[in-house]
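Colleague: how does the following fold in three dimensions:
(one chain, ligands or ions: 1)
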Amino acid sequence: MSRRSFLLGTSAALAGAAAVPGVVHASSSRTARLRPGGSSWLADAILYELYPQSFADTDGDGIGDLAGVLERLDYLDWLGVDTVWMNPIFPSPLTDAGYDISDYTGVHPRYGTADDVVAVVEAARRRGIRILFDLVAGHSSDQHPWFLRSLEDETDHRYIWASPEQLPGDGSLPEEFVASPGPRPGAFYMNYYETQPAINYGYARSNPDEPWRQPVDAEGPRRNREAMREIMDHWLSMGISGFRCDMAATLVKDDPGWVETGKLWGEFRSWLETHHPGAVMVSEWGDPATSVPAGFHGDFYLPVNGPGDGAPWRSLWRDDPYFSASGTGTASTFVRAWSEATDTIGGAGVTMMPIANHDSATRLNDGVRAAEEFPAAWTFLLTWPFVPTLYYGEEIGMRAVPGLPDVEGSQGRQNNRTPMQWDDGPNAGFSDAPADKLYLPIDPDPARPTVAAQIGDPDSLLHLVRRLIRLRKHHPELGVGSDVRVLTDGYPLTYVRGDRFLVTVNPSRDAVTVDVPDERIEHAHRVEGRGVRIGGRGLAVDGFGYAILDLGR
Ligand code: GLC
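Modeller: Now for the predicted structure:
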């Protein structure tokens, strides 16, 4: 079979699977090769989410700091990540680990100073690493001067207030409303916790039953948009490269189809293009087909939101997931959703995939998956055309630690916020503080993985992750800009990238085989992998096997 007929030919492998837009299926008659995209540098990024309080502590207070990040930049550089997203480091009463900001342009003293930010940004830049901060536009802390002021002044509309006359006469409060804690009578709208009053961007439509609703162009909403631009300008002028935008879908209230919320972010995007070209906005939205057309450069798949309420993410990592030894999941939910989203957004931006994040309360190492299951997942993460997003510690297989105390409003999310495990010194090299002063306890497992041990072991997960990152960076065929052709989306998941690299991953414990209708397979050369053998026009893949095979050009 010629290469061309392989592209256009039929394949039993996908029989039964409807042609999915965006993926060039061997069985489809599509000749177009999709270039999922985004022209921004973000398309080529390998993103690393770093939880600052748990990364590296240099001043011995038991909490990570900016100087710790600075010290560990060489490690991140060695690993090969080129973009770091730091969770909030701003002044905050810490009722939600810093997602309750009391000063958007300051630095919480426990992390350091503005000079430390500049030092980190510059040292990172010298290593080719960009820094992203969180933009928590939807709510502030109830201790923010804006909110304190609005508590004193009934004409202040920076937040969403309902006056006593507007509220039900029976003393009840509408959903999401909290009784005023200050002199101002009435109630305010909260976003997440009661300590997080929603900043007023208006409502998309009015409702006579809710007379407190303001339009999106009312004075309060306009001032808030202006304030957010000033905040972005502040940090971008200090050299950061963009923002991860918190709860991005929720800014304008009662907004069917996110039309007004989309316009708002579109306006921020235009402003960014003019004033800080090159800077990016990525969203905590979970629905790239909606958020990218609205103006984001990229959007994360998440455990929630979007069609199927997080189904693309959950079908891979949680809830009878594809990446599980039982082999009862399917990759098709994700493949289909990703393809549809990618078709919709075209070259306008990118999809982004984390295995875990600071909210997921799980890690790949969830206490159920065994270490031998991790490489297949990582091979997928680093060879699919989305922006791979690493959560600190995943690269060594850190565990989601059960049974930990709540910290700073973590409410169950503390499991995967434990200190980074650097070495086998005290506190795993994270901090010199007494153990009981640490932000969260170190994973007590005596066999816990560490960076130091894995750096010394070429067969470690860390080295595999590093090699996969290098491969992706070295070969554009493995990146966002090259097409993917799915051969099978069961066990194993098998796809060809850029008509050159065949990737196969088998997360299940059972050995499987797969036909590969491409004559080049016979002479393919393995660039990474384990437990995969080529036999004729097919592959035999051991349980947990994975491989990247170079088919040649
Ligand atoms: C986002 C953050 C989460 C925070 C919430 C409220 O979902 O990721 O950590 O609790 O917003 O700000």
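Colleague: give me the pLDDT for the residue nearest to Arg470 when sequence neighbours are not counted.
Modeller: Leaving out its chain neighbours, the residue that sits closest to Arg470 by CB to CB, 6 or more residues apart in numbering is Gly80, at 5.8 Å. C-beta: built from backbone N, CA, C; applies to glycine. pLDDT recorded at Gly80 is 98.
Colleague: now swap in Ser2 and tell me
Modeller: Per-residue confidence at Ser2 stands at 27 (pLDDT).
Colleague: quick one: Ala43 is in a helix?
Modeller: Yes. Membership of Ala43 in a helix is supported by DSSP: H, G, I helix; E, B strand; the rest coil.
Colleague: contacting residues for it?
Modeller: By CB atoms under 8 Å, 6 or more residues apart in numbering, Ala43 lies in contact with 37, 350, 387, 479-481.
Colleague: strands - which of the residues you listed land there?
Modeller: 350, 387 (DSSP state E).
Colleague: near the ligand, which residues of the stretch 301-450 of the chain?
Modeller: Selection of the stretch 301-450 of the chain residues close to the ligand by CB under 6 Å from any ligand atom yields 358-359.
Colleague: now stretch 403-417: mean pLDDT?
Modeller: Averaged over stretch 403-417, pLDDT sits at 97.
Colleague: can you name the residues in contact with the longest helix seen in the chain?
Modeller: Longest helix in the chain, counting residues (DSSP state H): helix 219-237. When contacts are defined by CB under 8 Å, 6+ apart, helix 219-237 is touched by residues 104-105, 133, 135, 137, 146, 156-159, 199-202, 214-215, 242-243, 264, 267-268, 271-272, 275-276, 279.
Colleague: quick one: contacts for the residue of the stretch 351-500 of the chain found nearest the ligand?
Modeller: Of all residues in the stretch 351-500 of the chain, Asp359 sits closest to the ligand, at 4.7 Å by CB to the nearest ligand atom. By CB under 8 Å, 6+ apart, Asp359 lies in contact with 303, 413.
Colleague: which SS class is it?
Modeller: coil.
Colleague: relative to Phe296, how far out is it?
Modeller: 18 Å (CB to CB, to the nearest Å).
Colleague: helix or strand for the residue in the stretch 101-250 of the chain that the ligand sits nearest to, just tell me which one.
Modeller: Residue nearest to the ligand within the stretch 101-250 of the chain (CB to the nearest ligand atom): Tyr192, separated by 3.8 Å. Using DSSP states H and E, Tyr192 sits in no helix or strand.
Colleague: that one reaches Asp96, doesn't it?
Modeller: Yes. Using CB atoms under 8 Å, Tyr192 is in contact with Asp96, at 6.5 Å.
Colleague: who has more neighbours, these two?
Modeller: Asp96 (23 against 19; other CB atoms under 10 Å).
Colleague: which residue comes closest to that one once chain neighbours are left out?
Modeller: Among residues not flanking Asp96 along the chain, Gly409 sits closest, at 4.3 Å (CB to CB, 6+ apart).
Colleague: I'd say the one you found and Ser141 touch.
Modeller: No. In terms of CB under 8 Å, Gly409 does not count as a neighbour of Ser141; the distance is 11.3 Å.
Colleague: just the CA trace of stretch 103-115, in CSV.
Modeller: Included here for stretch 103-115 are C-alpha records, laid out as CSV according to Å, rounded to 0.1, in the frame of the first residue of the first chain:
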residue,chain,number,x,y,z
ASP,A,103,-4.1,43.6,46.8
TYR,A,104,-3.9,42.6,43.1
THR,A,105,-0.6,44.4,42.5
GLY,A,106,1.3,43.4,45.6
VAL,A,107,3.3,40.4,46.7
HIS,A,108,2.4,38.5,49.9
PRO,A,109,5.4,38.9,52.2
ARG,A,110,5.5,35.1,52.8
TYR,A,111,6.6,34.8,49.1
GLY,A,112,8.9,37.8,49.0
THR,A,113,8.8,41.2,47.3
ALA,A,114,8.2,42.8,43.9
ASP,A,115,12.0,42.6,43.5
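Colleague: give me the residue from the protein nearest the ligand.
Modeller: Tyr99 (3.3 Å).
Colleague: wait, isn't that residue in contact with Pro88?
Modeller: Yes. Taking CB under 8 Å as the definition, Tyr99 is a contact partner of Pro88 at 5.9 Å.
Colleague: around the residue of the chain closest to the ligand, how many other residues sit close by?
Modeller: 27.
Colleague: what secondary structure does Ala376 sit in?
Modeller: Going by three-state DSSP: Ala376 is helix.
Colleague: tell me the pLDDT at it?
Modeller: With respect to pLDDT, Ala376 scores 98.
Colleague: please apply the same query to Ala19.
Modeller: 33.
Colleague: also the one 10 residues further on?
Modeller: At Ser29 the predicted local confidence, pLDDT, stands at 26.
Colleague: next: Arg553.
Modeller: 84.
Colleague: leaving out chain neighbours, which residue sits closest to it?
Modeller: Spatial nearest neighbour of Arg553, excluding adjacent residues (CB to CB, 6+ apart): Arg500 at 5.9 Å.
Colleague: where do the helices of the stretch 201-350 of the chain begin and end?
Modeller: For the stretch 201-350 of the chain, the helices defined by DSSP state H, counting those that start in this stretch cover 219-237, 259-275, 288-294, 311-317, 332-345.
Colleague: where does the stretch 1-150 of the chain dip in pLDDT?
Modeller: 1-39 (pLDDT under 70).
Colleague: that older thread, reformat the helices of the stretch 201-350 of the chain as JSON lines; add distance to Ile46, mean neighbour count and mean pLDDT.
Modeller: Below are the helices of the stretch 201-350 of the chain laid out as JSON lines (distance: least, CB to CB, whole Å; neighbours: other CB atoms under 10 Å; pLDDT from 0 to 100):
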{"stretch": "helix 219-237", "distance to Ile46": "22", "mean neighbour count": "17", "mean pLDDT": "98"}
{"stretch": "helix 259-275", "distance to Ile46": "22", "mean neighbour count": "17", "mean pLDDT": "97"}
{"stretch": "helix 288-294", "distance to Ile46": "18", "mean neighbour count": "24", "mean pLDDT": "97"}
{"stretch": "helix 311-317", "distance to Ile46": "18", "mean neighbour count": "24", "mean pLDDT": "98"}
{"stretch": "helix 332-345", "distance to Ile46": "18", "mean neighbour count": "22", "mean pLDDT": "97"}
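Colleague: quick one: closest of the ones you listed to Asp542.
Modeller: helix 311-317 (20.8 Å; CB to CB).
Colleague: buried sites along stretch 532-545?
Modeller: Across stretch 532-545, burial judged by 16 or more other CB atoms under 10 Å covers 532, 534, 539, 541, 543-545.
Colleague: for stretch 106-114, same thing?
Modeller: 107-108, 110-112.
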